[in-house]
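S.K.: sequence and predicted structure, then a few things I'm wondering about:
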Amino acid sequence: MTTQALPREPRQDRSRATRRRLLEAAVDCLASEGWAGTTVAVVAERAGVSRGAAQHHFRTREELVTAAVEYGSEVRVAQMRERLDVPSGQRPSTLDVVTMLGEMYTTPLFRAALQLWVAASSDEQLRARVLPLEARVGREAHRLTIEALGADESVPGVRETVQATLDLVRGLGLADLLTDDSARRTRLLRQWATTLDAALSR
């Protein structure tokens with residue numbers, strides 16, 4: 001009997017898979033090791049690829065981190081859409097919405113973004129890349145929150161109140177960076193949901 005060899009995965013598919021593993025590892029590394037600890041060698045090891053393979057895709061640390069910024073932003077937007085883009089007639093409660101937002105701003109992706117913000121504050125080239133990506137994430141978060149809450153932005157003060165909600169959960173995510181702030185966050189979000197309900201029903 002003869003055996004037929006299994007078809008090999010196309011080189012282009014393997015290349016895409018390797019690139020994705022490197023980007024995921026870079027985001028994970030940023031979240032756990034910070035900016036200083038995110039090097040091509042460390043990311044390659046975490047992704048399970050050789051340093052040479054990593055440098056085939058990203059010649060420098062800056063190229064790798066820049067691509068990771070874009071990848072992380074795309075994933076964050078996709079997760080927000082998945083959590084908040086609900087069909088009409090199935091709108092979650094205000095508490096559910098602010099709780100979901102609180103969870104999204106305490107993920108490893110958000111922690112990685114925080115590390116990039118700090119690095120970008122003193123690196124003009126990185127800041128030029130991070131700012132438009134974060135602006136896109138912010139716009140999409142605002143749009144999805146408005147829709148999930150069923151809020152009417154034509155009513156004076158509603159837009160600002162929703163933006164304050166996003167600023168609140170972002171700040172709570174920052175507080176969670178150093179210690180487990182989940183108990184206090186839960187209390188604050190429960191109270192804010194009540195305040196938000198009153199503001200939106202005026």
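M.R.: Yep, it's here. Residues are numbered from 1 along each chain as shown.

S.K.: tell me where the protein has helices.
M.R.: For the chain, applying DSSP state H gives helices covering 11-33, 40-47, 51-57, 61-84, 94-104, 108-120, 124-149, 158-175, 182-200.

S.K.: what's the weakest-modelled helix or strand in this protein?
M.R.: When the helices and strands of the chain are scored by mean pLDDT, DSSP states H and E, helix 61-84 comes last with a mean of 82.

S.K.: for the most centrally placed residue in the chain, give its distance to Met104.
M.R.: The centroid of the chain falls nearest to Arg76 when counting by CA atoms, centre = their mean (3.3 Å). Distance check for Arg76 against Met104: by CB to CB, to the nearest Å, it reads 8 Å. C-betas here are computed from N, CA, C, even on glycine.

S.K.: what sits in contact with each of those two?
M.R.: Phe110 (CB atoms under 8 Å, 6 or more residues apart in numbering).

S.K.: for the protein, which residues score under the pLDDT cut-off?
M.R.: 1-10, 86-89, 202 (pLDDT under 70).

S.K.: how close does Thr186 get to Arg136?
M.R.: The value you get for Thr186 to Arg136, if CB to CB is used, is 29 Å.

S.K.: whoops, Gln125 was the one
M.R.: From Gln125 to Arg136 the distance is 19 Å (CB to CB).

S.K.: same question for Asp167.
M.R.: Distance from Asp167 to Arg136, by CB to CB: 17 Å.

S.K.: those two - which one has more neighbours?
M.R.: Arg136 (15 against 10; other CB atoms under 10 Å).

S.K.: give me the number of residues near the residue nearest to Val158 when sequence neighbours are not counted?
M.R.: Spatial nearest neighbour of Val158, excluding adjacent residues (CB to CB, 6 or more residues apart in numbering): Ala151 at 5.2 Å. By the criterion of other CB under 10 Å, Ala151 has 20 neighbours.

S.K.: isn't Ala151 up against Gln163?
M.R.: No - Ala151 lies out of contact with Gln163 (CB atoms under 8 Å); the separation is 11.2 Å.

S.K.: need the contact partners of stretch 140-151.
M.R.: Contacts of stretch 140-151 (CB under 8 Å, 6+ apart): 77, 80-81, 84-86, 91-92, 94, 97, 100-101, 153, 158, 162-163, 165-166, 196, 200.

S.K.: how about stretch 183-192: buried residues?
M.R.: 185, 188-189, 192 (16 or more other CB atoms under 10 Å).

S.K.: now these in TSV, please, with extra columns for distance to Val118.
M.R.: As requested, the buried residues of stretch 183-192 are exported to TSV (distance: CB to CB, whole Å):
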residue	distance to Val118
Arg185	21
Leu188	24
Leu189	25
Trp192	26
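
S.K.: with that, I have no additional questions.
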